[in-house]
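> with the sequence up front, the predicted model follows.
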Amino acid sequence: MLFLDPKSDIAFKKLFGDITHKNILMDFLNNILERTEGEKIVDVVMNDPNNLAETPLSKASIVDVRCTDQKNHQYIIEMQVITQQDYAARAQYYSALALSRQLASGERYHKLVPVIFVGILDFNLFGSEHYLSHHLILDTQTHNHELKHLAFHFIELPKFDKTLETLTNAQDKWIYFFKNASTFEKVPQSLKEPVMQEAFDVLAQSNWSKKDLEAYDRYVDAMRSAASQLDTALEKGIEIGIEQGEKQKAQKIAKALLDILDVEMIAEKTGLSIDEIKNLK
């Protein structure tokens with residue numbers, strides 16, 4: 001393998017969390033969000049790119065970036081590889097937090113700037129066949145877009161089935177890149193545009209230090225192990241025990257999952273309250 005997987009947390013942070021490669025992030029966002037002249041992002045400021053998850057399946061964001069465009073909008077970019085059926089709710093929660101934290105005590109609401117959330121998902125979240133969806137708050141009668149402080153954009157990679165020969169624009173190429181970059185031994189000719197070439201260079205295994213490669217391998221191994229543990233637990237009848245509402249059994253299940261899932265997901269799986277699970281920890 002010559003190129004590492006951009007969906008892994010360490011590779012994702014190298015692509016989007018490194019200020020020296022900010023043009024990669026700007027080009028990605030401008031194309032995914034279909035920005036035209038006057039709306040394009042012209043600069044980015046990284047906001048805590050090292051916020052690592054506590055466990056491989058944690059709900060903590062993999063990378064969080066703030067992008068400043070001509071209108072001073074704030075952006076949150078995330079890569080999520082483990083299926084989370086409540087991911088849409090989570091995206092709204094984190095976006096609302098980002099919006100609320102913009103104001104210091106006593107500051108007025110007119111200082112708030114829009115928060116735009118972009119989630120790149122390695123699973124299907126919505127029932128629609130569309131791999132790229134844009135969600136705004138609209139008036140149900142007029143469809144006017146008056147509430148502009150929150151917007152959500154999701155890329156569902158499994159739904160994207162275009163081949164190299166059928167890619168028609170930069171948006172297609174970025175989505176194809178995230179889904180297939182790690183499968184190539186060399187950069188395809190049709191993807192050798194300057195910014196895309198730079199993105200491949202970031203992922204090139206030969207450009208990584210031994211320390212970073214070891215961290216990448218540990219992450220990949222941890223993800224495989226966590227997924228395997230979860231599959232095994234489910235095969236042993238966790239879901240049945242939960243449906244039966246057996247409190248003691250649910251507590252045993254929760255204990256087994258403490259090192260695999262975050263508290264909120266364990267609560268969802270077991271029916272226990274968050275406080276009960278925290279007490280088990």
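Noted; the coordinates are in hand. Residues are numbered from 1 along each chain as shown.

> just the helices in the protein please.
In the chain, helices defined by DSSP state H lie at 9-16, 22-32, 87-100, 170-180, 194-203, 210-235, 238-244, 247-257, 263-270, 274-280, listed in chain order.

> residue 44 and residue 202, how far apart?
Going from residue 44 to residue 202 by CB to CB, to the nearest Å gives 15 Å. Quick note: C-beta positions are derived from backbone N, CA and C, even for glycine.

> I should have written residue 45 there, sorry.
Residue 45 sits at a distance of 19 Å from residue 202 (criterion: CB to CB).

> which one of these two is surrounded by more residues?
residue 202 (21 against 11; other CB atoms under 10 Å).

> run through the residues that contact the more buried one.
11, 14-15, 18, 21, 24 (CB atoms under 8 Å, 6 or more residues apart in numbering).

> of the residues you listed, grab the buried ones for ChimeraX.
In ChimeraX, this line selects whichever of the contacts of residue 202 come out buried by 16 or more other CB atoms under 10 Å:
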select :11,14,15,21,24
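
> tell me which of the contacts of residue 202 is nearest to residue 180?
Proximity of the contacts of residue 202 to residue 180 (CB to CB) peaks at residue 11, which lies at 13.7 Å.

> the nearest residue to the closest one once chain neighbours are set aside - how many residues pack around it?
In this structure, residue 11 finds its nearest non-sequential neighbour in residue 4, 4.8 Å apart by CB to CB, 6 or more residues apart in numbering. Using other CB under 10 Å, residue 4 has 23 neighbouring residues.

> test my guess that residue 4 contacts residue 206.
No: using CB atoms under 8 Å, residue 4 is not in contact with residue 206, being 10.5 Å away.

> just to revisit the earlier point, now, among the contacts of residue 202, which is nearest to residue 96?
residue 15 (26.3 Å).

> ok, the closest one - contacts?
6, 21, 24-25, 199, 202-203.

> picking up where we left off before, okay, who's weakest in the contacts of residue 202 by pLDDT?
pLDDT is lowest at residue 18 among the contacts of residue 202; the value there is 86.

> gap between that one and residue 47?
Distance, residue 18 to residue 47, by CB to CB: 13 Å.

> hang on, the earlier thing: phi, psi of the residue nearest to residue 11?
phi -80, psi 160 (degrees, to the nearest 10).

> compute the inter-axis angle for the longest strand anywhere in the chain and helix 87-100.
Ordering each strand of the chain by length in residues (DSSP state E) puts strand 147-156 first. Here the directions of strand 147-156 and helix 87-100 differ by 140 degrees (axes from the mean of the first three to the mean of the last three CA atoms, to 10 degrees).

> quick one: low-confidence ranges for the stretch 101-250 of the chain?
The stretch 101-250 of the chain contains residues with pLDDT under 70 at 226-227, 229-250.

> try it again at 80.
219-250 (pLDDT under 80).

> contacts only, for residue 179.
Applying CB under 8 Å, 6+ apart, we find residue 179 in contact with 157, 160.

> just give me the neighbour total for residue 125.
A total of 21 residues lie near residue 125 under the criterion other CB under 10 Å.

> that one contacts residue 89, doesn't it?
No: the pair residue 125 / residue 89 is not scored as a contact, 10.8 Å apart, by CB under 8 Å.

> redo the contacts of residue 15 as JSON lines? Include distance to residue 215.
JSON lines is the format used below for those (distance: CB to CB, whole Å):
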{"residue": "6", "distance to residue 215": "15"}
{"residue": "21", "distance to residue 215": "18"}
{"residue": "24", "distance to residue 215": "20"}
{"residue": "25", "distance to residue 215": "21"}
{"residue": "199", "distance to residue 215": "20"}
{"residue": "202", "distance to residue 215": "15"}
{"residue": "203", "distance to residue 215": "14"}
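
> returning to that earlier point: for residue 71, which of the helices of the chain is the nearest?
helix 22-32 (13.3 Å).

> check the offset of the closest one from the chain's centre.
Centre-to-centre, helix 22-32 and its host chain are 15 Å apart (CA atoms, centre = their mean, to the nearest Å).
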